[in-house]
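> any chance you can model this:
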Amino acid sequence: MIWYGILATILLGAVLIMLGNITKSSQDEIDAVPVAQEKTLESEIAYLEKELENKLVENLSQMAGVGKVQVSVVLESGLRSNFAYNNSITKKVSTETDKSGGKREIEEVTENKQIVMGNSSVQPVIVYEERPVVAGVFVVAEGANDPKIKENIHNAIKTLLNIAPDKIAVYPMVGGK
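Numbering: from 1, shown residues only. Sure, this is the predicted structure:
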């Protein structure tokens, strides 16, 4: 019975942390992004999180002894694309002389930066893309009562997502094996 209380406390704490991160990042996005883009960004992140969760459930449920599994993934950001740019800088220097013989030099610098468009002129050219940063992964599995299975789940997630071990939490499912 003590384990159920501890598990409930841990689960509640994890949920509150996730909600705090979501609320904080959502407020940052509201402050930095126009409303139309905010909804797109949030839906993109939610979509990426769901995709990762589904892939992890699919992979983990194939592991021996894991049994039924549920996964929650929280991302710090969405996919970031870095586009190609054409940069041009024009520098113009002119010298003026006034009636009393004084000289004044004027320097004018113009910078032009344009995104390079692909052959279709619809999509910009992407130089590289950065994967989203995973804030944390929370796993509940039937077989997580067994320390070896729990360790295997932890190692699998660490390897698949290339994230720090402290960003992964694995707990046994209520009524698990």
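
> which residues touch Lys150?
For Lys150, the contacting residues are 141, 143-144, 170, 172, by Cβ atoms under 8 Å, 6 or more residues apart in numbering. C-betas here are computed from N, CA, C, even on glycine.

> among those residues, which one has the most neighbours?
Neighbour counts for these, by other Cβ atoms under 10 Å, peak at Ala141, which reaches 28 neighbours.

> what's opposite that one in the beta bridge?
With DSSP bridges as the criterion, Ala141 is bridged to Val69, Pro172.

> Tyr157: how many residues sit nearby?
Check again: residue 157 is Ile, not Tyr. 24.

> is it within a helix or a strand, and which one?
Using DSSP states H and E, the element containing Ile157 is helix 147-161.

> care to break the protein down by domain?
Domain assignment for the chain by automatic domain parsing gives 2-79+131-172, 81-128.

> save those as CSV, and put in mean pLDDT too.
Shown next, in CSV, are those (pLDDT from 0 to 100):
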stretch, mean pLDDT
domain 2-79+131-172, 76
domain 81-128, 81
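
> can you list the residues that contact stretch 101-113?
By Cβ under 8 Å, 6+ apart, stretch 101-113 touches 85-98.

> actually, stretch 120-129.
79-84, 115-118.

> now the closest residue to Val116 other than its chain neighbours: how far from Tyr128?
Leaving aside its sequence neighbours, Val116 sits nearest to Ala84 (Cβ to Cβ, 6 or more residues apart in numbering; 4.0 Å). Distance, Ala84 to Tyr128, using Cβ to Cβ, to the nearest Å: 10 Å.

> right, I'll call it a day here.
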